[in-house]
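J.: structure for this input, please:
(2 chains)
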Protein chains: 2
Amino acid sequence: SHSASSDHPRPYPLPPTPRDNHVLPEDLKTPDNHVPRDPRLIRLTGIHPFNVEAPLTDLFDEGFLTTKDLHYVRNHGAVPRVEDPEIPDWQLSVEGLVARPFTLSLRELMQRGGPFEQVTYPVTLVCAGNRRKEQNMVRKTKGFSWGAAGLSTSLWTGVPLRDLLARAGPLTRRGARYVCFEGADKLPNGAYATSVKLAWAMDPERGMLVAHKMNGELLPPDHGKPLRVIIPGQIGGRSVKWLRRIVVTAEPSDSWYHIYDNRVLPTMITPEESADMPDTWKDERYAIYDLNVNSAVCYPAHDERVQLDSHSGDGSSSNSSYTLRGYAYAGGGRRVTRVEVTLDRGRTWTLAEVSYPEDLYRLAAEGEELYGGRIDVAGREACFCWCFWSLEVPLAQLRDARDVMVRAMDESLALQPRDMYWSVLGMMNNPWYRVVIHKEEDGSLRFEHPTQPALMPGGWMERVKKAGGNLTDGFWGEKTADEGATGAEEGT
Amino acid sequence: SHSASSDHPRPYPLPPTPRDNHVLPEDLKTPDNHVPRDPRLIRLTGIHPFNVEAPLTDLFDEGFLTTKDLHYVRNHGAVPRVEDPEIPDWQLSVEGLVARPFTLSLRELMQRGGPFEQVTYPVTLVCAGNRRKEQNMVRKTKGFSWGAAGLSTSLWTGVPLRDLLARAGPLTRRGARYVCFEGADKLPNGAYATSVKLAWAMDPERGMLVAHKMNGELLPPDHGKPLRVIIPGQIGGRSVKWLRRIVVTAEPSDSWYHIYDNRVLPTMITPEESADMPDTWKDERYAIYDLNVNSAVCYPAHDERVQLDSHSGDGSSSNSSYTLRGYAYAGGGRRVTRVEVTLDRGRTWTLAEVSYPEDLYRLAAEGEELYGGRIDVAGREACFCWCFWSLEVPLAQLRDARDVMVRAMDESLALQPRDMYWSVLGMMNNPWYRVVIHKEEDGSLRFEHPTQPALMPGGWMERVKKAGGNLTDGFWGEKTADEGATGAEEGT
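T.: Residues are numbered from 1 along each chain as shown, chains lettered A, B, ... in the order given. Okay, the predicted model is just below:
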C-alpha cells in the first residue's frame, strides 16, 4: 500500500509511528482472540466487548493525530475476523431506492485509477458517550462510563460516499430520504445498522467517506477491517464498521441499534419510564447526528501537582506561570470559534489561544496525494477535527482560584453551558469542564478532574457526592458556608 | 401578480390579510415620507431610521405567517425610493470571480417561464439583536434594545441564488469562496453590504433566495422593494435589501457593515477596548451566520393577569389550568427538537408540545405553485421557520411557582443556557426566557416578562436592577433571604 513519501516537507502533521501490538492475554479467552491491541487502553465494559479509551494525557500527548494504538473503540460484540487475503473479495452492496443497485468488491473500490476517486483527510471521531461518567455521577444512566478521552483523530482514506450513491442513483421522487449502513458484526439484536439523511450524504461539505485505510494502513480489526463508513462531524455511532450494505430508504433505519441507542431523550424521562415508550424512542427528533460543542482540560492532568516555588510542571523553566491546555471540538462541520477559561466560577472569562492543525492540510498543493488518496480538505469550508486551546496563567492566580473551568463556542453560537443536560442514555455531555485546585500542605497545587473513566475512583464529583453535595444545581454541589459568605459579600 | 387561488383547499397556512397602511405623520419630515407603515410597530431608534418590532402579543396572534404590517424592520438609513413603473428596469449584476458576469433586469428575473425558476417558501427572519434589551439591562451594549419580537415569518417568492451563481460560474480554482451582496441604500459608511460563504450559497439545503415578492405581493419599501436576498437560518443582517450587486470574491465582504456589525466578540471585550481592535473585528470566527437556538414565552403576556377563581385567561372556560404558549427557532436549517418548561428554576423540566406549521408546506403536491413560484419545501430536510410550543399547567402550580422559564434544544443538541453570553454588540441573546409570577392582593396572578422593548419601562430585569440585584450571576439577581432558606433546606 502507499504510504507518505518523505521526499518533500509536508505542511501538515503525519501520524506518530504506531507500536507493534499483539493479542493481549485477557483477550485470549474471548471471541476477539485474533485482535492485536495496546495495553494502555482503559476497558470500560469489562474484558469484552471491547470498549476503550486511552488515558487522557496519553491521548493528548500523541498530538493532533491519534495512532490506532490509542484510538478509542466502541464495539457492540465480537470483532468480525477478516484475514488479509480475503480483503479484495469483500463485497459491498449499494441498494434500496436506487435506479442502479450494484455490488462491488473491495478490489474495485480500492483500485487507484479505478472507477472511484480515492481521497484522504483527517477526521475526529467522537463517541456520543464522551464524558458520560460525569452524567453517571449525577444519576445512573443506561450507558457505561466514558471519561473525556472518547475521541480520536486519524487520517482516513477511501471513496466519497456520494460518489457511490451517485452511481446507484437515489430515487428521490420515489421517496428516498435516508441512507442506511449495515455492518457484518453479529449481535443479539441483529446486525449493527444505522442511517443518516440522504441530503447530507450527497453534500460535499459533509464529507462522508467509505474508508479502507486509517493513517495509511489497512483498517485494524477494531476499526472496521476491511471497510467502514466515516461520518465527519457526527457521533461515532453513525460511522458503521465492517461495512457490508448501503441501503437507500424512505424511512430511517429500523435497526434496534438505530432506535434504542444514540438518542438524547428529554431530560425528565427516567430509565424506568423509558422502558415502555416506543414512540418516544422512534421520534427522530431525539436521534443524535451532529456533535454538540465540547472541550476539556488535559493539562493540568488529574492528580498533577505543581510546586509553587520551583518549576511550573509543564516542563518549562519558568516558575511563575503554568500553561493550561486542552482540546475542543464541535459538530456538523462547524468551527470552534473561541475557547474561554474562568478562574472565578463563570463571573469572568479569559480568551484562550486556539490552534487548528486541520487547517494545515488546506495548504496541501492542489491534487497532492497522501496514502494513495487526494488530500481533500481545501475544497470545503467544514471543520472535521478537534482543535487545541492553551492559556498561560500566573501561578499566583491558580493558587488563589478554587477551580479552573473551560467552555467552547462554535460558529453557530452554540456555547457549552453551566448546567448538565442529563438524559436516560447519558450522551452528549458538555457542561463547562471543571478542574478543582487543591492547596496541599507542602505548598504545591494538586489538580482534580471531574471523574476518572470506567469504575476507576477519583475526581471531585465522586468526592462531592460522598459528602452529600447536590450535583444537579449548576454549582457543582459545593454550596458551603464559604460560598454563602461570598454571596453575602456580593450583596453589599 | 399571481396570488393564491382559492379553488382548492391548501394544507398549509396563507398569510392574514394585510391592512391598508398609509404614510404616518411622524415619517412626513423624514426621508421615509413615501413609506406606508403600520402604527402598531414599536420604534426602537427614535423616529428615523426605521427600526421596529411589533408588540409581542400582536406578532404571536397573527400566527405562523406575519403580514408586512407587523414584520420587524431593520433599516440603517433612508429607504430607497422605487416607484412601481421603475421596477421592471431595476438592474442586478452578478460579477467578481465568475466566468460569465452578467447584468439582469428585474423584468427578466421575475418572468414566469423565463430563464430562472420561480420558487415560494416560508422563511423566518430573525434580527441578531432579538432579545438584546435583556443584555442592555445587564450592561449597556453598542446596540439598541430589541425585545423578543425581532423575528417574523413570510412567504417569499423569487429565484434560487444558486441558479444565478451557476449561470455566472464561480471560479473556485481561482479562489472564489464568498458571495457578497450590496444594497442600494446610501449610508454614512458606504452601501450596506455583507457576504456569506460560496459553498453555502450553492447548497440547496441552505435555500438562499433572491426574492421579489413577500406574501404574494411586490416587496414593500421597508423590506427591500424591489429586490432582496433571503438567507434562511441565518441572522437577518445577511438578507440584504434593495439588492443591486452580487459579487463572488476570495475574501469576505470588506463593507464597514460586514466587519463592525453582526459579530459576537468574546465576552470579556468591553465597549472601550473594542474601539481599538481592528484585527479582532476582522476575525471571521466572530461573525454571526447561523442563528442560535432560542425561544420565548408569548402567553402569558407581560402584565397579563389571571384570576385564580374564575376563567383561565386564555379564553377557555376552564378555571383550573392555563396554557403557556410561545415560539422557538434555531438556525442553519436545524429543527427545534424539544421545548422544556421549568416552574422550579431549572431543577425539573416538563416537555411542551411543539407544532411545526412549516411542515404543512411539505404536503403540497409536487410542482404546486403559490404566488407564481413552485412551493419548494419538501425537497429539503432543512427547517427555516419558527415553531410554536404550548403547555397546559394547572393554575395551582402557577400559583405555587415564582417564575416560569422556557428553553429549546435544536437537532445539533444546542440548548439554551441558564447564563447570558454578553458581548459588546449585544447579539444572539438566548438564555432561558423567564417570566416572573406575582401573586396580587386580589387573588390574581400577574406575569412579568424580562423587559419591554426600546425605552419602554417594565420587566423584572429593570426591577431587580433597581433593587441592587446582580443580573450577571445566572440566578436572575434574586438571591434573597428566602432563597438562602431554600438553599439551606437542600443542604439538610
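
J.: quick check: the residue nearest to the spatial centre of chain A vs chain B, distance?
T.: Nearest residue to the geometric centre of chain A (CA atoms, centre = their mean): residue A:126, 1.4 Å. Residue A:126 is 12 Å from chain B, where distance means CB to the nearest CB, to the nearest Å. Heads up, the C-betas are built off the backbone N, CA and C, glycines and all.

J.: may I have the phi/psi pair for that residue?
T.: Dihedral pair for residue A:126: phi -130, psi 130, per degrees, to the nearest 10.

J.: quickly list what it is bridged to.
T.: residue A:151, residue A:235 (DSSP bridges).

J.: isn't it right next to residue A:237, touching?
T.: No: at 9.8 Å, residue A:126 does not count as touching residue A:237 under the criterion of CB atoms under 8 Å.

J.: so who does the residue nearest to the centre of chain A touch?
T.: A:150, A:151, A:235, A:236, A:291, A:294, A:329 (CB atoms under 8 Å, 6 or more residues apart in numbering or on different chains).

J.: how about 7 Å then?
T.: A:150, A:151, A:235, A:236, A:291, A:329 (CB atoms under 7 Å, 6 or more residues apart in numbering or on different chains).

J.: just residue A:266 next, same as before
T.: So, once contact is read as CB under 7 Å, 6+ apart, residue A:266 ends up touching B:338, B:340, B:351.

J.: what do you get if the cut-off is 6 Å, keeping everything else the same?
T.: By CB atoms under 6 Å, 6 or more residues apart in numbering or on different chains, residue A:266 lies in contact with B:338, B:351.

J.: and the residue nearest to the centre of chain A, what's its pLDDT?
T.: pLDDT, residue A:126: 98.

J.: same question for residue A:482.
T.: 43.

J.: check residue A:7 too.
T.: Value for residue A:7, per-residue pLDDT: 60.

J.: now do the one 4 residues further on
T.: pLDDT for residue A:11: 94.

J.: that one: what secondary structure?
T.: At residue A:11, secondary structure determined by DSSP: H, G, I helix; E, B strand; the rest coil is coil.

J.: which residues does it contact?
T.: Counting by CB under 6 Å, 6+ apart, residue A:11 has contacts A:360, A:363.

J.: go with 10 Å
T.: A:359, A:360, A:361, A:362, A:363, A:364, A:365, A:368 (CB atoms under 10 Å, 6 or more residues apart in numbering or on different chains).

J.: and what of residue A:376?
T.: Counting by CB under 10 Å, 6+ apart, residue A:376 has contacts A:117, A:118, A:119, A:120, A:121, A:160, A:204, A:207, A:209, A:361, A:364, A:370.

J.: run the last query once more with 7 Å
T.: A:119, A:120, A:121.

J.: ok, residue A:75 next?
T.: A:49, A:50, A:51, A:222.

J.: equivalent analysis for residue A:418, please.
T.: A:346, A:431, A:432, A:474, B:417, B:418, B:419, B:474.

J.: what's the PyMOL line that selects buried ones from those residues?
T.: In PyMOL, a selection of the buried entries from these looks like this (16 or more other CB atoms under 10 Å in any protein chain shown):
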select buried, (chain A and resi 346+431+432+474) or (chain B and resi 417+418+419+474)
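
J.: okay if I get the contacts of residue A:418 as a markdown table plus pLDDT?
T.: Putting those into a markdown table (pLDDT from 0 to 100) gives the following:
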| residue | pLDDT |
| --- | --- |
| A:346 | 94 |
| A:431 | 97 |
| A:432 | 98 |
| A:474 | 78 |
| B:417 | 96 |
| B:418 | 95 |
| B:419 | 94 |
| B:474 | 78 |
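
J.: host element of the residue nearest to residue A:159 when sequence neighbours are not counted?
T.: Excluding the flanking residues, the one nearest residue A:159 by CB to CB, 6 or more residues apart in numbering or on different chains is residue A:116, at 4.2 Å. Using DSSP states H and E, residue A:116 maps to neither a helix nor a strand.

J.: for the contacts of residue A:75, which one is nearest chain B?
T.: Comparing the contacts of residue A:75 against chain B with CB to the nearest CB places residue A:51 closest, at 21.8 Å.

J.: quick one, grab the pLDDT at that closest one.
T.: Reported pLDDT for residue A:51: 98.

J.: what's the burial count for it?
T.: Applying other CB atoms under 10 Å in any protein chain shown, we find 22 residues neighbouring residue A:51.

J.: would you confirm that it contacts residue A:42?
T.: No: Residue A:51 is beyond contact range of residue A:42, at 9.6 Å (criterion: CB atoms under 7 Å).

J.: tell me which stretches of the stretch 1-150 of chain A form helices.
T.: Counting by DSSP state H, counting those that start in this stretch, the stretch 1-150 of chain A has helices at residues A:56-62, A:106-110, A:132-138.

J.: what's the most buried one of those?
T.: Greatest average neighbour count among the helices of the stretch 1-150 of chain A goes to helix A:132-138 (a mean of 24), per mean count of other CB atoms under 10 Å in any protein chain shown.

J.: now that one: mean pLDDT?
T.: Averaging pLDDT along helix A:132-138 yields 97.

J.: would you mind pulling the contact partners of that helix?
T.: A:141, A:143, A:145-147, A:420, A:422, A:426-427, A:429, A:450-451, A:453, A:461-462, A:465, A:471-472.

J.: so which of the residues you listed sit within helices?
T.: A:461, A:462, A:465 (DSSP state H).

J.: by neighbour count, which of these wins?
T.: Tallying neighbours with other CB under 10 Å puts residue A:461 at the head of those, with 25 neighbours.

J.: show me where the stretch 251-400 of chain A has its helices.
T.: Going by DSSP H, counting those that start in this stretch, the stretch 251-400 of chain A shows helices at A:256-259, A:271-274, A:278-281, A:395-400.

J.: list the buried residues of stretch A:256-269.
T.: Quick answer for stretch A:256-269 (16+ other CB under 10 Å): A:257, A:258, A:259, A:261, A:262, A:263, A:264, A:265, A:266, A:267, A:269.

J.: before we move on, the earlier item: distance to residue B:38 for the contacts of residue A:75 - can I get that in TSV?
T.: What follows is those, written out as TSV (distance: CB to CB, whole Å):
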residue	distance to residue B:38
A:49	64
A:50	65
A:51	60
A:222	64
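
J.: and which of the residues you listed is nearest residue B:408?
T.: residue A:51 (32.7 Å; CB to CB).

J.: what residues are up against the closest one?
T.: Counted by CB under 7 Å, 6+ apart, residue A:51 has contacts A:44, A:45, A:73, A:74, A:75, A:144.

J.: got a PyMOL select line for the buried ones in those?
T.: Buried members of these, defined by 16+ other CB under 10 Å, are picked up in PyMOL with:
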select buried, chain A and resi 44+73+74+75+144
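
J.: chain B: which of the contacts of residue A:51 is nearest?
T.: residue A:74 (18.4 Å).

J.: the closest one pairs with what?
T.: For residue A:74, the beta-bridge partners are residue A:51 (DSSP bridges).

J.: just checking, it touches residue A:127?
T.: Yes: with contact defined as CB under 7 Å, residue A:74 reaches residue A:127; the gap is 5.5 Å.

J.: where does the stretch 301-450 of chain A dip in pLDDT?
T.: Counting by pLDDT under 70, the stretch 301-450 of chain A contains low-confidence residues at A:310-319.
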